[in-house]
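Q: I need the structure of the sequence given here:
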Amino acid sequence: MAPLGCSDDDEPSVAPVDGTWNYFEMGVENNTCPVTVPILQPSTTFLLDYDGGDSFQIEQFDQTDIVCNLVGGPDFLCPDRLVVSDENTDLNIRIDISIRIEGSFENDAAATGLQDVSVECVGDGCGIFDDIPCHYELPFRAEAQ
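A: Numbers count the residues shown, from 1 in each chain. Predicted coordinates for the structure are as follows:
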């Protein structure tokens with residue numbers, strides 16, 4: 001995967017198809033989280049909006065839009081974004097779940113990648129968790145309809 005500061009020689013080599021795409025989760029890998037942390041279930045379809053250039057948007061029906069960057073050749077990166085923030089004032093904690101997506105387009109209508117899910121605890125009461133922070137990965141395949 002190319003670094004974010006890729007050179008001009010690494011122009012995007014794909015033009016992702018606009019429209020509805022199908023998302024296929026390929027299981028859970030490298031899970032360091034306790035069983036009390038739920039595994040996120042991403043939408044099985046999403047809208048991809050690409051108007052040229054070096055970025056595109058993913059519009060999911062259950063979340064806010066995600067801006068992703070083409071980082072050279074067929075590779076893309078969707079920076080960390082907070083998807084869940086659950087506060088418990090009685091325990092003085094907040095559990096934050098963030099996702100970072102990286103992947104590669106096989107062609108204009110197919111991609112594979114990995115959603116890296118991070119779970120963190122914020123607050124004075126976080127000492128009750130000896131297994132958070134933690135993370136897991138959701139490999140995926142996506143195809144334009």
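Q: can we go C-alpha only for contacts and neighbour counts from here?
A: Fine.
Q: what ranges in this structure fall below the confidence cut-off?
A: Within the chain, the stretches with pLDDT under 70 are 1-11, 62-63.
Q: can you rerun that using 90?
A: Residue ranges of the chain with pLDDT under 90: 1-14, 36, 38, 40-44, 52-53, 59-65, 72-73.
Q: for it, what spans make up the strands?
A: All strands of the chain, identified by DSSP state E, fall at 19-25, 45-49, 55-59, 66-70, 75-88, 93-107, 110-122, 134-144.
Q: ok, now which ones touch Asn107?
A: By Cα atoms under 8 Å, 6 or more residues apart in numbering, Asn107 lies in contact with 14, 16, 74.
Q: hang on, the earlier thing: now distance to Pro38 too, for the strands of the chain, in TSV please.
A: Listed next are those as TSV, based on distance: least, Cα to Cα, whole Å:
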stretch	distance to Pro38
strand 19-25	15
strand 45-49	21
strand 55-59	23
strand 66-70	22
strand 75-88	11
strand 93-107	10
strand 110-122	10
strand 134-144	11
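Q: dump the contacts of Asn107 to TSV, plus distance to Ala111 and neighbour count.
A: Compiled in TSV, the contacts of Asn107 are given as follows (distance: Cα to Cα, whole Å; neighbours: other Cα atoms under 10 Å):
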residue	distance to Ala111	neighbour count
Val14	11	19
Pro16	9	20
Pro74	9	22
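Q: out of the strands of the chain, which gets nearest to Val37?
A: Of all these, strand 110-122 sits nearest to Val37, with 8.3 Å by Cα to Cα.
Q: and the angle from that closest one to strand 19-25?
A: 70 degrees (axes from the mean of the first three to the mean of the last three Cα atoms, to 10 degrees).
Q: mind checking how far the most centrally placed residue in the chain is from Leu114?
A: Geometric centre of the chain, nearest residue: Ile101, 3.2 Å, by Cα atoms, centre = their mean. Using Cα to Cα, to the nearest Å, we find Ile101 at a distance of 6 Å from Leu114.
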